[in-house]
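In: Fold the stuff below for me.
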Amino acid sequence: SSVNMALATLLGLAHGVARMHTLTRSQRHVAPSMRSWSGWPFTSSSSPPGSLGERPPEPLVQHIYRLASLGDLEGAQAAMDELLPESVGLEMPALQQSRDSGSHPHVSYMHLFSDPSFSMGVFLLPTGAKIPLHDHPDMTVLSKLLFGTLHVTSYDAGELIEGVDSATGRRLGKTREPRRMRCSQPSEHTVAAPAPTLRLDPVRGNVHEFVALSDVAIFDVLMPPYSDRSGRSCHYYAPSAGNAGTVDLIEVGWPDELIVDSVAYCGPRIRPTT
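Out: So this is what the prediction gives:
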């Protein structure tokens, strides 16, 4: 389905990770409480309310979609600052912690929209769940914490000292070697909702890890989204001590503790513009 394809793209699952689950109603492990959405109304007309020619108000997520589709990062970031759980059809949920046989809580993902230029979605993490250290090659990402408390560890993208980029490797007919990136010491901080929208770019904070200190929901916009074909594969890393106070991030495979389930999005429908 388009939801599963978007989830695979977003998390770099193009290699067919078998541990991703698409949930049926009876299989849902992380069950956010849904409600009829109430989005932030925006109009594109300066006419007084009720006057002839006024456009109907648009939900906040549609407004964010429109700004992102225009490449207006600053506008999208400012609009995301206004997001509330109900903007995407969520109440303040008590997420039921789902664990596999290895006692790892699951992460859930709600897909809103994706095209070659950007994607939108919501991650749901129960207490103790994490999205392990990963990068965002040549991407800008906006992340708005809708509720909960999140610990964030982030590295600026550093010098790539080993490894062959997947797209480059294919062009040169080479087998891709694990990446090894030399970075400065990380930044660590705790974010509690309500909080301003987080932003990373192709260098600043590009490699990060999220750990849920309580049940959390994170609204993400990726510009552009992950794409193996375009050389924007998602890579996961383990930190190792480098030289002179640096940190070497060594590429690892799909983390065992990361189990991602797809859940239905019940908020306002995104209406693509032409």
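
In: Tell me the spatial nearest neighbour of residue 122, not counting adjacent residues.
Out: Once flanking residues are discounted, residue 122 sits nearest to residue 110: 4.3 Å by CB to CB, 6 or more residues apart in numbering. Heads up, the C-betas are built off the backbone N, CA and C, glycines and all.

In: What helices and strands are in contact with whatever helix or strand the one you found lives in?
Out: Element membership of residue 110 [criterion: DSSP states H and E] is strand 107-114. Strand 107-114 sits against helix 2-10, helix 60-69, strand 119-125, strand 260-262, with contacts defined as 3 or more CB pairs under 8 Å, 6 or more residues apart in numbering; DSSP states H and E.

In: If you average pLDDT over each of the ones you listed, which is lowest?
Out: Per-stretch mean pLDDT for the helices and strands packed on strand 107-114 is lowest at helix 2-10 (a mean of 44).

In: pretty sure residue 106 contacts residue 126?
Out: Yes. With contact defined as CB atoms under 8 Å, residue 106 counts as touching residue 126 (7.5 Å).

In: Can you list the low-confidence ranges for this structure?
Out: Within the chain, the stretches with pLDDT under 70 are 1-56, 92-102, 162-176, 274.

In: how about the strands in the stretch 51-200 of the chain?
Out: Taking DSSP state E, counting those that start in this stretch, the strands of the stretch 51-200 of the chain run over residues 107-114, 119-125, 130-134, 140-147, 149-155, 159-162, 180-183, 187-192, 198-200.

In: The residue nearest to residue 122 and residue 120 touch, don't they?
Out: No. At 9.7 Å, residue 110 does not count as touching residue 120 under the criterion of CB under 8 Å.

In: coming back round to it: the strands of the stretch 51-200 of the chain: which one's closest to residue 219?
Out: Closest approach to residue 219 among the strands of the stretch 51-200 of the chain (CB to CB): strand 140-147, 4.4 Å.

In: so what secondary structure elements neighbour that closest one?
Out: Using 3+ CB pairs under 8 Å, 6+ apart: strand 140-147 touches helix 73-80, strand 198-200, strand 216-223.

In: cutoff 10 Å now
Out: Counting contacts by 3 or more CB pairs under 10 Å, 6 or more residues apart in numbering; DSSP states H and E, strand 140-147 packs against helix 60-69, helix 73-80, strand 119-125, strand 149-155, strand 187-192, strand 198-200, strand 207-212, strand 216-223.

In: Redo these as JSON lines? Include distance to residue 246 and mean neighbour count.
Out: Below are the helices and strands packed on strand 140-147 laid out as JSON lines (distance: least, CB to CB, whole Å; neighbours: other CB atoms under 10 Å):
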{"stretch": "helix 60-69", "distance to residue 246": "35", "mean neighbour count": "23"}
{"stretch": "helix 73-80", "distance to residue 246": "30", "mean neighbour count": "19"}
{"stretch": "strand 119-125", "distance to residue 246": "30", "mean neighbour count": "24"}
{"stretch": "strand 149-155", "distance to residue 246": "10", "mean neighbour count": "19"}
{"stretch": "strand 187-192", "distance to residue 246": "14", "mean neighbour count": "12"}
{"stretch": "strand 198-200", "distance to residue 246": "20", "mean neighbour count": "20"}
{"stretch": "strand 207-212", "distance to residue 246": "13", "mean neighbour count": "22"}
{"stretch": "strand 216-223", "distance to residue 246": "28", "mean neighbour count": "23"}
